Every structure is written in C-alpha cells, then in structure tokens.
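Participant: Below are the sequence and a predicted model for it; my questions follow.
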Amino acid sequence: MEAADGEEQHFAPPPIGDMNELLNPGQEENIQGQMEEFLGPHSEYNEEEEEKKYYRRKRLGVIKNVLAASFGAMIVYSVYVGLLQMQLILHYDTTYREVKYSNLGLEDIDRKMLMGINVTPIVGLLYTAVLIRFLGTKWMMFLASGIYALFVSTNYWERYYTLVPSAIAIGVAIVPFWASLGNYITRMAQLYYEYVNYEKEHVQEQKKLPKGACHSYIIVFHSIFNIIFHLSFVFAEFPMCLVLNRYLHDDKHTLYNVKFCGAKVSGVIPGFNTTVLTSLPRSMLLIQVESVLMGFAFLSMIIFLVLCGAAHRPTEEIDLRSIGWGNIFQLPFKHLRDYRLRLLCPFFIYSGFEILFAITGFSLTYGVCILGLKNLWLLVVVYGLSCSVFSSLSLLILRFPRWVCLMSGAVVHFILLVVLMAFSVQRKENQTYSEYMGPLLVITALWGLGSALNKTGLSTVIGMLYAEEKERLDFVYTIYRWWEAIAIFIVYLWSNMPMRAKLAILLATLLVASYCYWLMERRLAKDLRPRLPRIPRPRHKVKGYRYLEEDNSDESDSEKSEEDEEENNDDEEHVVEEMGAEDREEEGQDRGARGSVSPRARRRGGQSHHGKHVKDEEREEREGE
C-alpha cells in the first residue's frame, strides 16, 4: 500500500530559481551571437582569393579544351588518312579485286568515292555557317567526327551503297569540321584573355575586346593545335608500316615498266605495275585493323563530347542564332566584300594546293617512283614530323611582325618548286636508287617546314584580324576552308597533267598569293577601313522562350501594358528598317567623299557638324515662335 501510495505521488515543479537560470538573458544573447556567427560571413573567407581560384580553374579548362580539340582532330585525321591509303593500295591491286570482289568493280567505286570526297565540299559555303550556328561549334565538331567514324565502319562491308554515300558524307562534313576547329581555337584564346583580365570593366560588361588584346593567346593556341594535329600524318602510316608493307612486292617488280620519275612525268606514275601485292592479306587481319581504327574514331568522338567545353556562353549562343537564318546564310557571301579576305583568297587556294601536292604529287611521282612503294610511309612520316616540329616557329610572331611566318614559308616553297622543276630521274634496269633517299627526305622535311609556316600562319593571321569580333569568326573560317576545298578539287582534276605544268600552277599561285598578302598588309598599315557587312541585332523576343529582358520575365501577355506593346512593335519595326537600310548605308559610305551623310550618322543626332547646324536652326525657330 505504501508502494502504491508512492507511485501515485506527483513530481513537484522546479524551483523558481532554476527557471530564472534557464531564462537567463545572458545565455539568450550568447545563443543569438552564435547564430549570427554561423549564418554570417566567415572570418576566414577571402572573396578575392576565391575569385582568383575560380578564374584559375577557368583558365585551366580553356587549356584543356585546346588540347582536347587538337588531339581529337589529330586522331580523326590519322584514322581517315591511314584507312584511305590502305584501302586505295589494296583496291589498286588487280589480284585483290579479282579474288575478293570479281564482279564488284572496286576501281570504279574508288573513283566515285574520291569524287564524292573532293567535289561535295564545293557547295560547303551554302550550309556551313548555318550548321555551325544551329548546332554550335562543339557539337559540329562532334557530328563531323561521327561522320568520319561512319566512313570507317562502311569498310567492313565494301559495296557501292556503303562506300560512296559515306564518302559523300565526309565531303559534306569537311568544310564545317575545319571551320569549326579554327573558330573553336580562336574562341578559346578570347576566353583565356577574358579569364586572365576578369577584373577589367570591358570584360565584366562583355563588351568588344580592345584591339590586339588577345593576339598573343591566338598565336600560342594555334601553334599548339598545329603541333599536335600534324602528328596525324605520322600515326596514319601505322597500318601501312605495321601491316601492309609485308605484303608488297619489291621495287623491281612494281617499277619494272617505269621509265621516268619527277618533272618529266605526265600523270602520277605512268607504267606502274597493277600488281603490287605478293599475297593477299587475310580477311580477319583486315577486320582487326579496321576495328582498331574504329576504336580510335570512337575515342575522338568521346574526346569532342566529354573533354571539349562549349565555345560560347548559352546567352551568346542564343544571340548568334537569333539574327535570323536568312542572314546567317547570306553573311559568308557578304564577308567576301572585305578586302582582307579577298586578298587572302590566293593564299587559301595555295594552302589547299600545297598540302595535297605533298601527299599525292611529290610523295608518289618523286618518292614512290624513285624509292619504291615500301618507302612511302617513311616520306609521309618525315613530312608529318617536320610539320609538327616547325609549327612551333610561328611563336616567332610574338616578337616579329605577323608577315614573317607566311612569307618565310612562301620563300621556302618557292625555292623547292624551282628545284623540283629541274629534278627528274631516268630509271634503268638493274640499278638501285638508294642514293636519292637523302635528298628526297631533305626536300620532304623542307616542304613540311613551308607547310607548317603556311598553315599556322594563315590560321593565326585570320584570328588576329578578326579577334575582336567573335560573331564573325565562323563566317571567316568558313570562307578560308571553302577556298581550300576548291583548291583540293582542282588538284583532283589535274592528276593527269604533266608535272611541270602542276609545278608552274603552284609557283604562279604562290607568287600571286604573296603579292596579294603584301598588298593587304600595306592597306592595313594605311589604316584603310574594310567593308564589313552589318550583323543584325539579336531578336530576343523569340516565340516560346523568355529571354533575359529588362522588364519582368514572368509577366504574362495579358498583364502587359499598352505602352510595352507599342515599344515592342517599335523595336521590331526598327530591326526591319535596319535590315532594309543596309544597302542605303553602303551607298552612303561610297558617297562619303562627296559630303553625304549616312542614315546612321543622322540618327546619332549631332555627332557631325551638319547635324549640329540643323539643330541650331530648329532651336532658333522655336525661340522665335
């Protein structure tokens, strides 16, 4: 009972003194101070230091993008050139065609495949800029690398309906791929400058860069790209060197009917034996080689997709597209009115001439004709290594004028062209020509020196001329690669011409290109303004998408005031008027010497003396009234 009574006892309330201790005002202030310390800015946090770390990571990301794009392009091109070279040699052999595909007509398929690769890029100017603006620079590179991978995959099943369409697809992708690469590398140089100078006002407000601000980064990044990319010629010879060479006949068999080599030759190698293989490679071996190449093609796609960052911010991408697809289509043609591009066009053409001549004309008519087919890989490897090593010489532009790079390459090629016009060999039976190995390798290395200076110099000069106008880069590089594609098509057409005629065309083009480039630099030294087409302002009011507007972006159409609607209509009419007034502005520029004033100058309201005079007259009339 006592225990039960004890259980029924109630606990007494705490004393009043304990209650006062829990509600001590000093403890409340202490808790409040701890909360403020926890929620407030940390004393150890340094905003300036964290900002430096952030932009340091951004700069490392830009370098990663440049290296990834360079290695991706190198892998794609090495796979493409290596497979195409092995394919053409196998299909050239009569025994291979008869045993493997007796009724297929591989030789005819090869001709149509080469035609698709070389002819299709001629129409590249029509769609390249639209594709780059629609897909974006990074995704255009990824898509083009996928098309090269498609070409590799079609070689598993060699038929007309697999090889020819894939070759045409490569021809379609050539100009967009190379234009995107040039645009991407130059854009990375601009971004690197912005991340280095992030504290400057013009960078924070995303204004146009000062003239010459990022030229040093353009020079360095294009040099890095070309150093890595030209190694593709080295890796492209691995299938030839490691697999195909063991199946090739010796020189006495393949060159038995060849009488002349070098400058006296008409065509490629007249009299070259149509049987070049001692035995046919096993089908499984060819499948294994193609599988390895296919793996590297997929690796390049992954590099472009994962390691390459975007070339533009999302808002910039929207701005680049929202000028209208009709304007994007027209602007490459309008940029040809720029005298800088017009005067660089001969160099663009020569750039296409010289690289294809080095791989096909010189390597076959001089190298293979004298040294034999088994030494073809050595000539191409020396050319690739020379291009890669000497591409670093373009860094001299950091200390010397920019014309040094292009003109030095032109002088080297001029001397070599003169030498090649006089260099010919008459082949005789039972005679070795190993003594020509040294001179041919020296000529190959020197040609690689000229090619490196030419390729790196052209990309760098274009980047420096248009570095401050990032919205024009894709149009400019499109024009550059399009003229190169036309030159490659011309080289494809002249394959049966005499060698001295080919060398004469190369020499004449080089002289014209050098003169035009000197003329361009002279006009730039006189500060003669180029005639640039006006790029319309981005139309931010895109249907179905709320762009960053100054007013409330969450406001519905019904909540908009009548004044806002009138302002929107005025903006749209203003855009249309500006687009329609482009020709009037150009006519105004032509009449500038006769004292006429352009519509844009009149809209500025008072910048010219004529505008001030009109304003003064109107003010006097109002005062008189």
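Facilitator: Happy to help now that I have it.
Participant: Is Gln206 located within a helix, as I assumed?
Facilitator: No. Using DSSP: H, G, I helix; E, B strand; the rest coil, the assignment for Gln206 is coil, not a helix.
Participant: Against Lys470, how distant is it?
Facilitator: Applying CB to CB, to the nearest Å, the value for Gln206 to Lys470 is 10 Å. C-betas here are computed from N, CA, C, even on glycine.
Participant: where along the stretch 351-500 of the chain do the strands fall?
Facilitator: For the stretch 351-500 of the chain, the strands defined by DSSP state E, counting those that start in this stretch occupy 424-426.
Participant: hang on, I meant the chain
Facilitator: Ranges of strands in the chain, per DSSP state E, are 260-262, 424-426.
Participant: more neighbours, Gln206 and Lys470?
Facilitator: Lys470 (19 against 11; other CB atoms under 10 Å).
Participant: Quick check: closest non-adjacent residue to the more buried one.
Facilitator: The shortest distance from Lys470 to any non-neighbouring residue, by CB to CB, 6 or more residues apart in numbering, is to Gln190 (5.9 Å).
Participant: so who does the residue lying closest to Ala485 once chain neighbours are set aside touch?
Facilitator: For Ala485, ignoring the flanking residues on the chain, the nearest one in space by CB to CB, 6+ apart is Pro121 at 3.5 Å. Pro121 makes contact with Gly171, Val172, Ile174, Val175, Trp482, Ala485, Ile486, Ile488, Phe489, according to CB atoms under 8 Å, 6 or more residues apart in numbering.
Participant: give me every residue that touches the spatially most central residue of the chain.
Facilitator: Central residue of the chain (CA atoms, centre = their mean): Leu181, 1.7 Å from the mean position. Taking CB under 8 Å, 6+ apart, we find Leu181 in contact with Ala69, Ala73, Met141, Phe225.
Participant: what does Leu114 give?
Facilitator: Ala167, Tyr492.
Participant: quick one: it and Ser145, what's the gap?
Facilitator: 21 Å.
Participant: Repeat that for Trp447.
Facilitator: 28 Å.
Participant: and what of Pro538?
Facilitator: Relative to Ser145, and taking CB to CB, Pro538 is found at 29 Å.
Participant: These two: which has the busier surroundings?
Facilitator: When Pro538 and Ser145 are compared for neighbours, Ser145 comes out ahead with 27 against 19, by other CB under 10 Å.
Participant: pLDDT on stretch 177-191, on average?
Facilitator: The average of the pLDDT scores along stretch 177-191 is 94.
Participant: Equivalent analysis for stretch 119-136, please.
Facilitator: For stretch 119-136, the per-residue pLDDT averages 91.
Participant: quick revisit: quickly compare the strands of the chain and say which is most buried.
Facilitator: strand 260-262 (a mean of 21; mean count of other CB atoms under 10 Å).
Participant: what does that one contact?
Facilitator: In contact with strand 260-262 (CB under 8 Å, 6+ apart) are residues 269-270, 365-366, 369-370, 420, 423-427, 499.
Participant: Now render these as CSV, adding pLDDT and distance to Glu201.
Facilitator: Listed next are those as CSV, based on pLDDT from 0 to 100; distance: CB to CB, whole Å:
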residue, pLDDT, distance to Glu201
Ile269, 89, 64
Pro270, 88, 67
Thr365, 91, 59
Tyr366, 93, 58
Cys369, 90, 63
Ile370, 90, 63
Leu420, 94, 55
Phe423, 91, 60
Ser424, 88, 65
Val425, 88, 66
Gln426, 87, 71
Arg427, 85, 71
Met499, 92, 60
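Participant: any chance of these in TSV, plus distance to Leu135?
Facilitator: As requested, the contacts of strand 260-262 are arranged in TSV below (distance: CB to CB, whole Å):
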residue	distance to Leu135
Ile269	42
Pro270	45
Thr365	40
Tyr366	42
Cys369	44
Ile370	46
Leu420	42
Phe423	47
Ser424	49
Val425	50
Gln426	54
Arg427	52
Met499	42
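Participant: For ChimeraX, write the select line for the buried members of these.
Facilitator: Buried members of the contacts of strand 260-262, defined by 16 or more other CB atoms under 10 Å, are picked up in ChimeraX with:
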select :269,365,366,369,370,420,423,424,425,427,499
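Participant: Looking at the contacts of strand 260-262, which is nearest Arg340?
Facilitator: Leu420 (31.4 Å; CB to CB).
Participant: Tell me who's in contact with that closest one.
Facilitator: Taking CB under 8 Å, 6+ apart, we find Leu420 in contact with Gly262, Ala263, Phe362, Tyr366, Ile443, Leu503.
Participant: Go again with 7 Å.
Facilitator: Ala263, Leu503 (CB atoms under 7 Å, 6 or more residues apart in numbering).
Participant: Met421 now?
Facilitator: Going by CB under 7 Å, 6+ apart, Met421 touches Ala263, Arg500, Leu503.
Participant: List buried residues within those.
Facilitator: Of the contacts of Met421, these count as buried by 16+ other CB under 10 Å: Ala263, Arg500, Leu503.
Participant: okay if I get those as TSV plus distance to Gln431 and pLDDT?
Facilitator: Below are those laid out as TSV (distance: CB to CB, whole Å; pLDDT from 0 to 100):
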residue	distance to Gln431	pLDDT
Ala263	19	89
Arg500	24	93
Leu503	26	94
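Participant: still on that earlier bit, now the strands of the chain in JSON lines, with distance to Thr315?
Facilitator: Compiled in JSON lines, these are given as follows (distance: least, CB to CB, whole Å):
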{"stretch": "strand 260-262", "distance to Thr315": "58"}
{"stretch": "strand 424-426", "distance to Thr315": "61"}
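Participant: quick one, which of the ones you listed is nearest to Leu385?
Facilitator: strand 260-262 (23.7 Å).
Participant: May I have the strands that pair with the closest one, each with its orientation?
Facilitator: The pairing partners recorded for strand 260-262 under DSSP bridges are strand 424-426 (antiparallel).
Participant: which residues touch the strand it pairs with?
Facilitator: With CB under 7 Å, 6+ apart as the test, strand 424-426 has contacts from Lys259, Phe260, Cys261, Gly262, Ala263, Lys264, Ile370, Tyr433, Tyr436.
Participant: roughly how far out does it sit from the chain middle?
Facilitator: Centroid separation for strand 424-426 versus its chain: 41 Å, with CA atoms, centre = their mean, to the nearest Å.
Participant: What count of nearby residues applies to Asn430?
Facilitator: Around Asn430 there are 5 residues (other CB under 10 Å).
Participant: can you pull the pLDDT of it?
Facilitator: 71.
Participant: contacting residues for the residue lying closest to Phe304 once chain neighbours are set aside?
Facilitator: Once flanking residues are discounted, Phe304 sits nearest to Phe142: 4.3 Å by CB to CB, 6+ apart. By CB under 7 Å, 6+ apart, the contact list for Phe142 reads Met301, Phe304, Leu305.
Participant: Look up how far Tyr54 lies from Phe142.
Facilitator: Distance from Phe142 to Tyr54, by CB to CB: 27 Å.
Participant: dump the residue contacts of Val381.
Facilitator: For Val381, the contact set (CB under 7 Å, 6+ apart) comprises Val234, Glu237.
Participant: And it, how far from Thr444?
Facilitator: Taking CB to CB, one finds Val381 at 9 Å from Thr444.
Participant: what do those two both touch?
Facilitator: By CB under 7 Å, 6+ apart, Val381 and Thr444 have no common neighbours.
Participant: what's the average pLDDT for stretch 32-47?
Facilitator: On average, stretch 32-47 scores 65.
Participant: For the longest helix along the chain, name the packing helices and strands.
Facilitator: Under DSSP state H, the helix in the chain containing the largest number of residues is helix 47-92. For helix 47-92, the packing partners by 3 or more CB pairs under 7 Å, 6 or more residues apart in numbering; DSSP states H and E come out as helix 106-119, helix 137-154, helix 160-196, helix 215-229, helix 232-235, helix 238-242, helix 283-302.
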